[in-house]
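**Student:** pasting a predicted model and its sequence here:
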Amino acid sequence: MKGEMRRIVGLLPLVLLSMVLLSLLVGGSGVLAYRSFQSPTSPPPPTVSLSPTTTALPSTETPTPTATETLAPEETPLPSPAPTLEPAPPAAVAPSAEESPSQPPRASRSWADYIEIGLVALAYMWRALGVLALIAFLGLVIFLGIRRWRS
Amino acid sequence: MEKLKSLLLLLLLIAFAIRVYHLDFQSLWRDEVDAILFAEKGPVGLLPWFIEPGQNGPLYYLLLSFWITLVGRSEFSARFFSLFWGMLLVPLIYQVGRRWLERRVALLAALLVGLSPYLVWYSQEAKMYSLLAFLSLLSVHFYLLALERNRWYLWLAYLLTAGLSMYVHILAVLLVPFQALFYLISWPHYRGASKAWLIAMGILVLPYLPLARWEIPTLLSSFATGHKFYTLPEIFTVLLFSFGLNSAPYRGLSPAALVLFLLLAGVLLYRKEGEGDVSLGGFLALVRNILAKHHSALFLSLYLFVPVSCLYLISLGMPIFTDRYLISITPAFFLLMGCGLVAIGKRSRLLLAICLALLLVVNLSTLWFQTHTKIKSDFRSAAEYMRDREGLMLFLMPYVRQSFDYYYQSDFLGADPPYTNGGLDEEGVAEEMEKITAGQEMVWLLVSEGELWDSRGLVREWLEENGTLVDQAEFARVEIYRYSLGRGH
């Protein structure tokens, strides 16, 4: 028992360290008030129409939300800027002083642009089809495994 | 061995019982209702989400769509899908702990995961988080196996699980820096796997690099996400309380100090048997010696700290911290606690017993609390209260209307009050409210998280000024007021 107590006392510095560390972490930061569940701290922007003509209509069916309408404020997804798979359209390019406003500006595409388009397309293909490819590969592995087991 | 198997089976049964008990006690909150509505889009409706940026977890909704087609959209059935993965995490963490640490740590970690109020909470929520925790731990397990054995099928299993977990939640990608850093630090140990590692990382990361060109500037921009900014120490404190205590009625310092004590003991005192056999000699050898001696602690510390640090770096530009986004690191948290318990047990069995008893008391009392106290917005009761009542219903805030719809399941006259947090003044509110309530004698105001829509309370103020409060009711996170506007029909 004496030995046991001595070993427990040996752990006291770690107990003290934990308490000091916790006091430092918690001290005045207000994180104890943090709420884990459905409690966003700043507002979502309104995404529904506020037009009075649409307000007092009876709801006849369960609305099928779109992603932007219903993603909860706390469950904020990563922002979704629309990435351009293709270079900006000619209209977005400011015409130079030499060019007549009536003439469409020439879109100059370098090899780098084409490579980038290819890479972005590849990335999207992976994003779209990668999961299917992974699942298909798993199926193939299982199939080959079964075939080997049978033989 | 038989005894161990029986013990594990018992743990699994306990984990299942705890998770299935009062599975539908809490009303579905808006994110869960959203998940069901998204899943009801079906595979065809959800497939575009795999290429739309900004969707943080399309695979879960796709799987849920198959699931609810089979078993229905009730609270119990939708949540049971999460329960399944949450339960599987128990044997998986045992397997990981046994393979990479030691059996005692594995058993203790499995016990802690089985009884964790935090993981039970997300096993009882119709969201992707328990699946994410399971898949990400499986990917870490395959990663370590692949590094050690360097077999192609293990690398593929890693790519498969890591890839799938990223489709379940985009922030699963935060585990990749941890895995890369762990490999680089432990490189001498795994040097035989260098080529395969480079190929695997390339397959996993390269296709995303072009996207990173616009994603990273966006992440570092000041895009308003609705999340508060937390400093790194604050993030760690929140995680300590969330993972360790979750919804404990008493979120005091003592239980948190116990959890922190065990984590520190895991990092500083725990040493796996057999670790530290490298001889001294020169500075590099010294570094290798230290790394070898604390290899397990290093692995778990990186697993815990690197994803958190990465999330913090992202949050510097765009605050996105929420504890559940980091649920993929909970296995490291509980394994480290298991290491701490074993390290303490080696020094004092009495102290180990005391620590375990205290942990059990805290966990069981918290589990009791969260399965017997209404914590989520109680739209089930609100819809029941409103059944067969007439009048215009105003939803403050409008996002919660779908939760109400889910339970009410009948036609009603509904409207959204004006959004005032953008700066709309009293006159603007009055104008909007006059239009919305035109011709209505009775108006119901359903308030849930209303501060996100009307933090100054202008809508309620207008109703107070222009009507008479004739009825009110209160449920968890939902308040209902009935006003008579005195207009007559």
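**Tutor:** Everything's here; your move.
**Student:** CA atoms for contacts and neighbours, from now on please.
**Tutor:** Fine.
**Student:** who's in contact with the closest residue to B:Ile327 other than its chain neighbours?
**Tutor:** Leaving out its chain neighbours, the residue that sits closest to B:Ile327 by CA to CA, 6 or more residues apart in numbering or on different chains is B:Ala133, at 5.8 Å. Applying CA atoms under 8 Å, 6 or more residues apart in numbering or on different chains, we find B:Ala133 in contact with B:Gly86, B:Leu89, B:Ile327, B:Ser328, B:Ile329, B:Thr330, B:Pro331.
**Student:** longest helix of the chain?
**Tutor:** Assuming you mean chain A. In chain A, taking DSSP state H as the definition, the longest helix is helix A:111-150.
**Student:** that's the wrong chain, I wanted chain B
**Tutor:** For chain B, the longest helix by residue count, based on DSSP H, is helix B:75-100.
**Student:** that helix packs against which elements?
**Tutor:** Applying 3 or more CA pairs under 8 Å, 6 or more residues apart in numbering or on different chains; DSSP states H and E, one finds that helix B:75-100 makes contact with helix B:2-20, helix B:58-71, helix B:103-114, helix B:117-123, helix B:129-149, helix B:330-347.
**Student:** now do the buried residues in it.
**Tutor:** Neighbour-count burial for helix B:75-100 flags B:75-98, B:100 (criterion: 16 or more other CA atoms under 10 Å in any protein chain shown).
**Student:** the longest helix of chain A close to chain B?
**Tutor:** Yes - Helix A:111-150 is in contact with chain B by CA under 8 Å from any CA of the partner chain, via A:116, A:119-120, A:122-128, A:130-131, A:134-135, A:138.
**Student:** wait, which of these is closest to B:Leu108?
**Tutor:** A:Leu138 (32.3 Å; CA to CA).
**Student:** show me the contacts for the closest one.
**Tutor:** A:Leu138 makes contacts with B:Leu160, as judged by CA under 8 Å, 6+ apart.
**Student:** and it, what's its pLDDT?
**Tutor:** In this model, A:Leu138 is scored at 73, pLDDT.
**Student:** next, count neighbours for the nearest residue to B:Phe243 once chain neighbours are set aside.
**Tutor:** Of all residues not flanking B:Phe243 in the chain, B:Tyr118 sits nearest, at 5.6 Å (CA to CA, 6+ apart). Using other CA atoms under 10 Å in any protein chain shown, B:Tyr118 is surrounded by 25 other residues.
**Student:** OK, contacts around B:Tyr118?
**Tutor:** Listed by CA under 8 Å, 6+ apart, the contact set of B:Tyr118 reads B:Ser242, B:Phe243, B:Gly244, B:Leu245, B:Asn246, B:Ser247.
**Student:** likewise B:Leu159?
**Tutor:** By CA under 8 Å, 6+ apart, the contact set of B:Leu159 is B:Ser139, B:Ala200, B:Ile203, B:Leu204.
**Student:** before we move on, back to that, format the helices and strands packed on helix B:75-100 as TSV; extra columns: distance to B:Ile235.
**Tutor:** Shown next, in TSV, are the helices and strands packed on helix B:75-100 (distance: least, CA to CA, whole Å):
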stretch	distance to B:Ile235
helix B:2-20	27
helix B:58-71	26
helix B:103-114	21
helix B:117-123	16
helix B:129-149	19
helix B:330-347	14
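**Student:** redo those helices as CSV? Include distance to B:Ser410 and mean pLDDT.
**Tutor:** Formatted as CSV, these follow (distance: least, CA to CA, whole Å; pLDDT from 0 to 100):
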stretch, distance to B:Ser410, mean pLDDT
helix B:2-20, 29, 94
helix B:58-71, 21, 93
helix B:103-114, 40, 96
helix B:117-123, 30, 96
helix B:129-149, 31, 96
helix B:330-347, 41, 95
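**Student:** nearest to B:Leu356, out of those?
**Tutor:** helix B:330-347 (8.0 Å).
**Student:** pull the distance from the next helix or strand along the chain from that closest one to the chain's centre.
**Tutor:** The element immediately downstream of helix B:330-347 (helix or strand, assigned by DSSP states H and E) is helix B:349-370. Chain-centre distance of helix B:349-370: 22 Å, with CA atoms, centre = their mean, to the nearest Å.
**Student:** same question, stretch B:15-30
**Tutor:** For stretch B:15-30, the gap between its own C-alpha mean and the chain's C-alpha mean amounts to 15 Å (CA atoms, centre = their mean).
**Student:** now B:Trp85: closest residue in space that isn't a chain neighbour?
**Tutor:** Using CA to CA, 6+ apart and skipping residues adjacent in sequence, the residue nearest B:Trp85 is B:Leu131, 5.3 Å away.
**Student:** cool, B:Val120 as well?
**Tutor:** B:Arg19 is the one closest to B:Val120 (CA to CA, 6+ apart), at 5.8 Å.
**Student:** thought the one you found was touching B:Phe84?
**Tutor:** No - counting by CA atoms under 8 Å, B:Arg19 stays clear of B:Phe84, with 9.2 Å between them.
**Student:** overlap of the contact sets of the two?
**Tutor:** B:Ser123.
**Student:** re the thing from before, from the contacts of B:Ala133, which is closest to B:Ile185?
**Tutor:** For the contacts of B:Ala133, the residue nearest B:Ile185 by CA to CA is B:Ile329; the value is 19.3 Å.
**Student:** number of residues surrounding A:Leu144?
**Tutor:** By the criterion of other CA under 10 Å, A:Leu144 has 12 neighbours.
**Student:** the helix or strand hosting B:Trp155 to helix B:129-149, inter-axis angle?
**Tutor:** Element membership for B:Trp155 (DSSP H and E) is helix B:152-168. In terms of direction (axes from the mean of the first three to the mean of the last three CA atoms, to 10 degrees), helix B:152-168 departs from helix B:129-149 by 160 degrees.
**Student:** next secondary structure after helix B:152-168?
**Tutor:** helix B:175-185.
**Student:** which strands and helices lie in contact with the following helix or strand past that next one?
**Tutor:** Downstream of helix B:175-185, the next assigned helix or strand under DSSP H and E is helix B:194-205. Contacts defined by 3+ CA pairs under 8 Å, 6+ apart place helix B:194-205 against helix B:152-168.
**Student:** alpha carbons of the helix it packs on, as PDB, please.
**Tutor:** Only the C-alpha atoms of helix B:152-168 are listed here, as PDB (Å, rounded to 0.1, in the frame of the first residue of the first chain):
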ATOM      1  CA  TRP B 152      -0.300  -3.300 -53.900                       C
ATOM      2  CA  TYR B 153      -3.600  -4.500 -52.600                       C
ATOM      3  CA  LEU B 154      -3.100  -2.800 -49.300                       C
ATOM      4  CA  TRP B 155      -2.200   0.500 -51.100                       C
ATOM      5  CA  LEU B 156      -5.400   0.100 -53.100                       C
ATOM      6  CA  ALA B 157      -7.400  -0.600 -50.000                       C
ATOM      7  CA  TYR B 158      -6.000   2.600 -48.600                       C
ATOM      8  CA  LEU B 159      -6.800   4.600 -51.800                       C
ATOM      9  CA  LEU B 160     -10.300   3.200 -51.800                       C
ATOM     10  CA  THR B 161     -11.100   4.000 -48.200                       C
ATOM     11  CA  ALA B 162      -9.300   7.400 -48.200                       C
ATOM     12  CA  GLY B 163     -11.100   8.300 -51.500                       C
ATOM     13  CA  LEU B 164     -14.500   7.200 -50.200                       C
ATOM     14  CA  SER B 165     -14.100   9.100 -46.900                       C
ATOM     15  CA  MET B 166     -13.300  12.300 -48.900                       C
ATOM     16  CA  TYR B 167     -16.600  11.800 -50.800                       C
ATOM     17  CA  VAL B 168     -18.400  11.400 -47.500                       C
END
